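A.B. asks: Predicted structure and sequence below. I'll ask about it afterward.
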Amino acid sequence: MEKKTDELNKANARFQKTIEATESASKAKSDFLAAMSHEIRTPLNGVVGMTSLLRQTDLTNDQRELVQVIESSGESVVGIVNDILDYSKIEAGRIELETLKFSLRECIELALDIFIEQVAKKKLELAYYMEEDVPEHVSGDPARLRQVLVNLIGNAVKFTSYGHITVSVSALQQEDEFVKLKFEILDTGIGIAPEKQKLLFKTFSQVDVSNSREFGGTGLGLAISKKLVELMGGEIVVKSNEQEGSKFSFTTILQEEEPPYKLSSELVGGKRILIVEDSDIQRKLIRKYLNSWGVQPVEASTSQQAIEMAMQSESPIDLAIIDYHLPDMNGNALAAELKKIKQTRSARFVSVTASTIQTPCDIFSVALSKPIKPRYMLEALERALTEFQSASRDPGEEIIPPDIQSVAATNPLKILLVDDNDTNRQVARMLLRKLGYTPEEAINGEQAIEMTRENGYDVILMDVQMPVIDGRQATRAIREEHLEKNPWIVAVTAGALRDDMEQALKAGMDDYLSKPILLDTLKNALLQASEGLNKRCKETSKAS
């Protein structure tokens with residue numbers, strides 16, 4: 001009996017050592033990939049950052065095309081690095097989901113916006129719809145949810161050469177404050193044979209080697225999406241047949257923060273509106289929105305049909321929503337023709353374009369970009385019906401937030417840029433100048449401490465890994481001095497693990513940016529810094 005017990009103990013000890021060795025190997029692999037990620041991201045920051053700035057200069061058409069290829073290639077490398085790092089973190093059990101309140105609609109729209117130009121270039125239709133019972137605001141991890149959506153929509157765009165891609169969201173069930181949502185991404189692409197679908201969610205696999213050569217990719221996107229969906233309490237499935245398109249569906253459980261919100265407008269309700277759109281999907285979507293706002297629209301799929309309907313209409317049409325690209329006549333020409341017809345002579349015109357590059361003529365009051373976003377569409381209709389049009393706005397301009405270059409004017413900040421890498425400093429300096437800022441610069445943590453002590457700054461963009469004194473040590477030293485002007489410190493690093501962010505925050509940093517840094521990302525960080533400084537100032541005033 002004692003002999004058997006001893007053997008069992010030895011077997012358990014060997015088993016425990018095997019587990020420890022496996023965990024150690026997994027951690028070592030994850031740490032190695034994180035280090036490699038850092039080394040790759042540092043030069044990529046220069047490539048992607050400088051390319052984005054170069055694209056905004058005066059270039060010839062050939063030069064612009066070359067720059068776009070460089071930028072696209074750089075972004076592809078970043079995507080591959082992110083996929084490999086993400087999967088290594090998942091394997092090592094180092095991914096923890098955040099719980100933040102966010103707008104579900106905004107999360108979906110941000111994912112869709114990434115593909116606007118790709119879809120326009122391939123002449124595809126991209127549309128999305130949230131059912132009315134889906135809550136507007138929820139709590140969960142918006143970044144990871146958006147990552148899954150980007151992976152699935154990106155796959156749909158990659159493997160679809162004609163037709164459409166639609167994203168829909170519905171609520172399956174409600175239990176207390178939690179809601180189970182279903183997301184569906186439907187495309188009219190090449191499809192997948194049933195016997196090959198089992199390979200879809202396996203690491204580094206493609207359903208067909210020829211597809212890998214033609215379309216590219218590591219095969220990690222779907223494997224990562226599956227793991228993330230499972231972490232969010234859901235599951236992911238696919239239905240597809242070759243040459244018949246695919247439908248990827250996944251569920252997730254989120255906490256409902258606010259009940260579903262229904263858009264409405266007394267101004268739009270009851271108006272006579274003409275839809276001219278050759279895409280059945282887009283026409284159906286526009287009709288759905290108009291129906292919910294109390295409108296029964298008249299619909300045409302061609303320019304000729306629209307002209308005939310306008311001529312035969314018994315009463316005047318208040319507004320026409322016209323697709324910019326129609327098969328028989330472009331939107332500008334159709335609007336001009338409708339202006340000659342009695343029943344549409346005084347109508348207001350809204351253009352729906354497939355790309356922000358397209359510029360409808362002056363007849364149009366407002367232009368909307370696909371995919372159509374309901375709140376922007378409603379605002380566009382109201383603007384058109386009230387004949388509101390800013391004198392400084394081009395007729396074809398999309399309804400978007402104020403110009404990015406106005407950031408410094410409305411949020412004046414004294415900024416210190418700290419980085420030991422000359423290229424990284426140059427990229428950050430030029431991005432800041434685009435936003436209207438002229439930063440002062442330091443090349444290491446020791447210099448940053450001294451300059452902060454002498455000059456005082458509102459914001460410090462602090463590289464984490466530097467010689468002499470690194471960013472975390474410098475931040476601790478600055479916080480310990482209890483300076484009268486307490487700066488907002490943003491960690492800027494090529495590291496991309498959650499541990500990096502946590503260590504930065506523990507050191508006393510306020511925010512975190514991962515390289516390569518893009519203009520929009522930097523702009524948002526500075527807006528958040530300005531808001532944080534104002535809040536900090538009010539708290540200090542109350543305390544005194």
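C.D. replies: That came through, no problem.
A.B. asks: After the lowest-mean-pLDDT helix or strand in the chain, which helix or strand is next? Please name it.
C.D. replies: One helix or strand of the chain scores below all others by mean pLDDT, DSSP states H and E: helix 209-215, with a mean of 45. Using DSSP states H and E, the helix or strand that follows helix 209-215 towards the C-terminus is helix 221-231.
A.B. asks: got a list of contacts for the helix or strand following that following helix?
C.D. replies: Using DSSP H and E, the helix or strand that directly follows helix 221-231 along the chain is strand 236-240. By CB atoms under 8 Å, 6 or more residues apart in numbering, the residues outside strand 236-240 that reach it are 191-192, 194, 197, 200-201, 225-226, 229, 246-250. Where you see a C-beta, it was placed from the backbone N, CA and C, and this is true even at glycine.
A.B. asks: Is it correct that residue 322 falls within a helix?
C.D. replies: No - according to DSSP: H, G, I helix; E, B strand; the rest coil, residue 322 belongs to no helix; its state is strand.
A.B. asks: tell me the contacts of it?
C.D. replies: Residue 322 neighbours (CB under 8 Å, 6+ apart): 276-277, 306, 331, 334-335, 349-352, 364.
A.B. asks: Could you dump these into JSON lines with distance to residue 516 and secondary structure added?
C.D. replies: Below are the contacts of residue 322 laid out as JSON lines (distance: CB to CB, whole Å; DSSP: H, G, I helix; E, B strand; the rest coil):
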{"residue": "276", "distance to residue 516": "42", "secondary structure": "strand"}
{"residue": "277", "distance to residue 516": "38", "secondary structure": "coil"}
{"residue": "306", "distance to residue 516": "46", "secondary structure": "helix"}
{"residue": "331", "distance to residue 516": "37", "secondary structure": "helix"}
{"residue": "334", "distance to residue 516": "43", "secondary structure": "helix"}
{"residue": "335", "distance to residue 516": "42", "secondary structure": "helix"}
{"residue": "349", "distance to residue 516": "41", "secondary structure": "strand"}
{"residue": "350", "distance to residue 516": "37", "secondary structure": "strand"}
{"residue": "351", "distance to residue 516": "35", "secondary structure": "strand"}
{"residue": "352", "distance to residue 516": "33", "secondary structure": "strand"}
{"residue": "364", "distance to residue 516": "37", "secondary structure": "coil"}
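A.B. asks: Closest one to residue 524 out of the residues you listed, please.
C.D. replies: Using CB to CB, residue 352 comes nearest to residue 524 of those, at 28.1 Å.
A.B. asks: Could you give the bridge partners of the closest one?
C.D. replies: On the basis of DSSP bridges, residue 352 is bridged to residue 323, residue 368.
A.B. asks: Go ahead and confirm it touches residue 371.
C.D. replies: No - with contact defined as CB atoms under 8 Å, residue 352 does not count as touching residue 371 (10.2 Å).
A.B. asks: where does the stretch 151-300 of the chain have low pLDDT?
C.D. replies: The model of the stretch 151-300 of the chain has pLDDT under 70 over residues 202-219.
A.B. asks: on that earlier part again, kindly indicate which of the contacts of strand 236-240 lies nearest residue 290.
C.D. replies: residue 247 (26.4 Å).
A.B. asks: which stretch of helix or strand covers the closest one?
C.D. replies: Assessed by DSSP H and E, residue 247 sits inside strand 246-258.
A.B. asks: Mind listing the strands that strand pairs with, and their directions?
C.D. replies: strand 137-140 (antiparallel), strand 178-187 (antiparallel), strand 236-240 (antiparallel).
A.B. asks: What count of nearby residues applies to residue 479?
C.D. replies: 15 (other CB atoms under 10 Å).
A.B. asks: Excluding chain neighbours, what is closest to residue 428?
C.D. replies: residue 417 (5.4 Å; CB to CB, 6 or more residues apart in numbering).
A.B. asks: and the one you found, that's in a helix?
C.D. replies: No - if the criterion is three-state DSSP, then residue 417 is strand and not within a helix.
A.B. asks: Centre of the chain to stretch 368-382, how far?
C.D. replies: Chain-centre distance of stretch 368-382: 18 Å, with CA atoms, centre = their mean, to the nearest Å.
A.B. asks: what does stretch 308-316 give?
C.D. replies: That offset, for stretch 308-316, works out to 42 Å (CA atoms, centre = their mean).
A.B. asks: Compute the first-to-last residue distance for that stretch.
C.D. replies: End-to-end distance of stretch 308-316 (CA to CA, to the nearest Å): 14 Å.
A.B. asks: Now that stretch: buried residues?
C.D. replies: 309-310, 313 (16 or more other CB atoms under 10 Å).
A.B. asks: Equivalent analysis for stretch 130-140, please.
C.D. replies: Neighbour-count burial for stretch 130-140, counted by 16+ other CB under 10 Å, picks out 130, 134-140.
A.B. asks: So of the residues you listed, which two are at opposite extremes in space?
C.D. replies: Greatest spacing in the buried residues of stretch 130-140, by CB to CB: 130 and 139 (17.1 Å).
A.B. asks: mean confidence for stretch 468-480?
C.D. replies: Stretch 468-480 carries an average pLDDT of 91.
A.B. asks: Let's see that stretch as CSV, backbone CA atoms only.
C.D. replies: Extracted in CSV, the C-alpha atoms of stretch 468-480 (Å, rounded to 0.1, in the frame of the first residue of the first chain):
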residue,chain,number,x,y,z
VAL,A,468,19.6,56.6,-18.6
ILE,A,469,16.1,56.8,-16.9
ASP,A,470,13.1,55.1,-18.5
GLY,A,471,9.6,56.5,-18.8
ARG,A,472,8.1,54.8,-15.7
GLN,A,473,11.0,55.9,-13.5
ALA,A,474,10.8,59.4,-14.8
THR,A,475,7.0,59.5,-14.2
ARG,A,476,7.5,58.3,-10.6
ALA,A,477,10.1,61.1,-10.0
ILE,A,478,7.9,63.8,-11.4
ARG,A,479,4.9,62.7,-9.3
GLU,A,480,7.1,62.5,-6.1
